[in-house]
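*Asks:* predicted model follows, preceded by the sequence.
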Amino acid sequence: MQTTARTLQQRAIRYLVRQAGHPRGVVGWMNGWMFALRPSNRQRNIWAVSLLDVQPTDRVLEIGFGPGVAIAEFAGRATQGHVFGIDHSRAMVRHAARRNAVAVRAGRVHLTHASVDQLPRFGDPLDAILAVNSVGFWRDPVERLRELRRLLRPAGRIALVSQPRCPGATRDTTVQAAEELRDMLTDAGFTDLRVETLDLDPPVACVLAINPTS
């Protein structure tokens, strides 16, 4: 009986992990609802947006926008610009579209069901890019970051955020995650890297970098 219970528990954990990486169906919809309501998730996303110093005319992109909390924060700052978002979960696209319905109808927010492996076109160069807890799911993240750097204007900003969700995650886990993100950004050609930390449990690391001008 103990073996059966342990096996069922392990299967349930694996299923939830897959849902976190690619929410789908009813469970995916419920995950999005819970993500949006969890205070730490809202605080993390709003904090990350604030670090990018978005200006009213900026063109910004979020990769893996989930229920659209950060998208809404971007839209409130880039009031004369454009906010783009891609997510490979149709459930999250529906969540975010509902949350940002007014800005979507006004043509200021553009949400697309797409993967970072196959980026859509965004027209003119972007001013800022954000990815929160999604880089760990990317295939060949350094190559993806090189592609994103080509979408940024010279001196454009990028922010990669990690709040480890593995069992037993600690401050040391966050420090290690930040180091890994720093290495990826450096390998992809970004410069002027800095790390900011938000004191949650576990702490959140945001690694910011610049697309060099030459």
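*Replies:* Perfect, I can see it now.

*Asks:* leaving out chain neighbours, which residue sits closest to Val104?
*Replies:* Distances taken as C-beta to C-beta, 6 or more residues apart in numbering put Ala97 closest to Val104, at 5.8 Å, once the chain neighbours are dropped. Just so you know, the C-beta spots here come from the backbone N, C-alpha and C atoms, and that holds for glycine as well.

*Asks:* give me the phi and psi for that neighbour.
*Replies:* Main-chain dihedrals, Ala97, degrees, to the nearest 10: phi -60, psi -40.

*Asks:* correct me, but it touches His113?
*Replies:* No: if you go by C-beta atoms under 8 Å, Ala97 and His113 don't touch, sitting 10.2 Å apart.

*Asks:* what about the two, which has more around it?
*Replies:* The residue with more neighbours, out of Ala97 and His113, is Ala97; 17 against 14, by other C-beta atoms under 10 Å.

*Asks:* so who does the more buried one touch?
*Replies:* Applying C-beta atoms under 8 Å, 6 or more residues apart in numbering, we find Ala97 in contact with 68, 104, 111.

*Asks:* buried stuff in the lengthiest strand in the chain?
*Replies:* Of all the segments of type strand in the chain, defined by DSSP state E, the longest one is strand 152-162. By 16 or more other C-beta atoms under 10 Å, the buried positions in strand 152-162 come out as 152, 156-162.

*Asks:* what of stretch 124-132?
*Replies:* Using 16+ other C-beta under 10 Å as the test for burial, stretch 124-132 gives 126-132.

*Asks:* so how far is Asp53 from the residue nearest to Val104?
*Replies:* Here Ala97 is placed at a distance of 26 Å from Asp53 (C-beta to C-beta, to the nearest Å).

*Asks:* how long is stretch 61-75 end to end?
*Replies:* For stretch 61-75, the first-to-last residue distance is 11 Å (C-alpha to C-alpha, to the nearest Å).

*Asks:* then stretch 84-102?
*Replies:* Stretch 84-102 has its terminal residues 15 Å apart, counting by C-alpha to C-alpha.

*Asks:* that stretch: how far from the chain's middle?
*Replies:* Chain-centre distance of stretch 84-102: 13 Å, with C-alpha atoms, centre = their mean, to the nearest Å.

*Asks:* how about stretch 96-116?
*Replies:* 15 Å.

*Asks:* one more: stretch 198-206?
*Replies:* Counting by C-alpha atoms, centre = their mean, stretch 198-206 comes out at 15 Å from the chain centroid.

*Asks:* point out where this protein drops to low pLDDT.
*Replies:* The chain contains residues with pLDDT under 70 at 1-38.

*Asks:* show me where it has strands.
*Replies:* 59-63, 82-87, 109-113, 126-132, 152-162, 191-198, 204-210.

*Asks:* just checking, what packs against the last one?
*Replies:* Under the contact criterion of 3 or more C-beta pairs under 8 Å, 6 or more residues apart in numbering; DSSP states H and E, strand 204-210 touches helix 39-51, strand 152-162, helix 171-187, strand 191-198.
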